[in-house]
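Enquirer: The following block contains a protein sequence and its predicted model.
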Amino acid sequence: MQKKSLTILLEAIWWVLTILLAFTLIYPIWTTLPDWPFQTWNIVFIVVLVTFSRYIFLLRYTFLAKRQVWKIAGLLLMFPVTFLLISGLHEFMSFIEERSWEPLTGTLPTDEKRAMESYIWGLMIFFGAGSVISAPLLAGRLFLSVWRT
């Protein structure tokens with residue numbers, strides 16, 4: 001019973017750290033652009049990348065370690081999740097290509113505008129591409145874990 005409570009505590013700590021990281025990374029955007037249209041996708045990308053990466057490398061220390069049915073369900077869910085994440089990243093990139101940055105950062109001073117555009121682009125591309133890559137990797141890791149167990 002002790003190991004089970006430690007696993008739950010560790011999972012809770014990781015979720016708190018993930019939420020703090022997401023808040024810390026998105027806070028500059030919230031303060032500068034209060035009507036950021038890709039806020040949900042940004043948060044999803046950060047949470048997915050951190051969580052999936054954690055499960056890829058630390059699966060044996062999570063609550064999923066011995067739950068075969070849950071791992072198989074997660075494995076099957078990774079296919080639609082991957083395409084959903086690709087869709088969200090495509091939506092952001094299409095918005096920037098079609099409308100440019102002007103609707104988002106047009107009211108900011110020039111120096112602050114360029115810095116914010118660079119920050120947003122880096123944040124969305126890093127976490128978006130990372131989450132798109134981590135989803136199929138997690139599917140492979142879950143398959144390997146089910147196979148071994």
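Expert: Yep, that arrived.
Enquirer: Point out where this protein drops to low pLDDT.
Expert: 1 (pLDDT under 70).
Enquirer: buried residues in the lengthiest helix in the chain?
Expert: The longest helix of the chain (DSSP state H) is helix 110-148. Neighbour-count burial for helix 110-148, counted by 16 or more other C-beta atoms under 10 Å, picks out 113, 116-117, 120, 123-124, 127-128, 130-132, 134-135, 138-139, 141-142, 145. C-beta: built from backbone N, CA, C; applies to glycine.
Enquirer: Ok, stretch 33-53 next?
Expert: Going by 16+ other C-beta under 10 Å, stretch 33-53 has these buried residues: 33, 38, 41-53.
Enquirer: cool, and stretch 100-107?
Expert: 101, 104-105.
Enquirer: Among the residues you listed, which lie within helices?
Expert: Counted as lying in helices by DSSP H, out of the buried residues of stretch 100-107, are 104-105.
Enquirer: Export the buried residues of stretch 100-107 as a markdown table, with columns for distance to residue 13.
Expert: Below are these laid out as a markdown table (distance: C-beta to C-beta, whole Å):
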| residue | distance to residue 13 |
| --- | --- |
| 101 | 37 |
| 104 | 35 |
| 105 | 36 |
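Enquirer: list the helices and strands the longest helix of the chain packs on?
Expert: Under the contact definition 3 or more C-beta pairs under 8 Å, 6 or more residues apart in numbering; DSSP states H and E, helix 110-148 sits against helix 2-32, helix 39-58, helix 68-99, helix 102-105.
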